[in-house]
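**Q** generate a structure from the sequence data that follows.
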Amino acid sequence: QVQLVESGGGSVQAGGSLRLSCTASEYTNCMGWFRQVPGKEREGVASIDFRDGDTMYSDSVKGRFTVSGDIAADTVYLQMNSLKPEDTAMYYCAATPSWIGCAFDNYNTWGRGTQVPVSS
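**A** The predicted model follows:
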């Protein structure tokens, strides 16, 4: 099973920016990011299909977050701008080999997570 290692989390003030990185142990065409706060279900944030560069975002981050990747390095990034206190969560890198698309429901592997606290 693919192994995922995240980096780049940390405290940031509202309105600030942060970039998360995640490197996979092997190539998978779908890579993305999820987040979770205590007491709530994990939610999909952003997804990218390395076959054609197609991206997908949750409504709550659209226009503020950008997912991108480096196929040669099996790495996915999440650029987070205009951060809000409600973006505070544990962020998880995710991956799945999927020939039917990279919808959030298709993901089956997650990293250990990196904490992103956003202060007001």
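
**Q** what sits up against stretch 75-87?
**A** 12-24, 31-33, 35, 45-46, 48, 60-61, 64-70, 91, 93, 116, 118-120 (C-beta atoms under 8 Å, 6 or more residues apart in numbering). For glycine as for every other residue, the C-beta is placed from the backbone atoms N, C-alpha and C.

**Q** and for stretch 112-120?
**A** With C-beta under 8 Å, 6+ apart, stretch 112-120 has contacts from 5-14, 16, 18, 20, 35-36, 80, 83-92.

**Q** just the buried residues from those, in PyMOL please.
**A** A single PyMOL command selects the buried members of those (16 or more other C-beta atoms under 10 Å):
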select buried, resi 6+8+9+12+18+20+35+80+83+87+88+89+90+91+92
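
**Q** among the contacts of stretch 112-120, which are in strands?
**A** 5-7, 12-13, 18, 20, 35-36, 80, 89-92 (DSSP state E).

**Q** how near is the spatially most central residue of the chain to Ser120?
**A** Note on the chain: the residue nearest the mean C-alpha position is Trp33, at 1.9 Å, using C-alpha atoms, centre = their mean. To Ser120, Trp33 is 23 Å away according to C-beta to C-beta, to the nearest Å.

**Q** what sits opposite the closest residue to Phe65 other than its chain neighbours in the beta ladder?
**A** Among residues not flanking Phe65 along the chain, Met80 sits closest, at 5.1 Å (C-beta to C-beta, 6 or more residues apart in numbering). Here Met80 shows beta-bridge partners Leu18, Phe65, assigned using DSSP bridges.

**Q** how far away is Met80 from Val5?
**A** 18 Å.

**Q** for the contacts of stretch 75-87, which PyMOL command selects only the ones that are buried?
**A** To isolate the buried subset of the contacts of stretch 75-87 in PyMOL, counting by 16+ other C-beta under 10 Å, use the following:
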select buried, resi 12+18+20+21+22+23+24+31+32+33+35+45+46+48+61+65+66+67+69+91+93+116+118
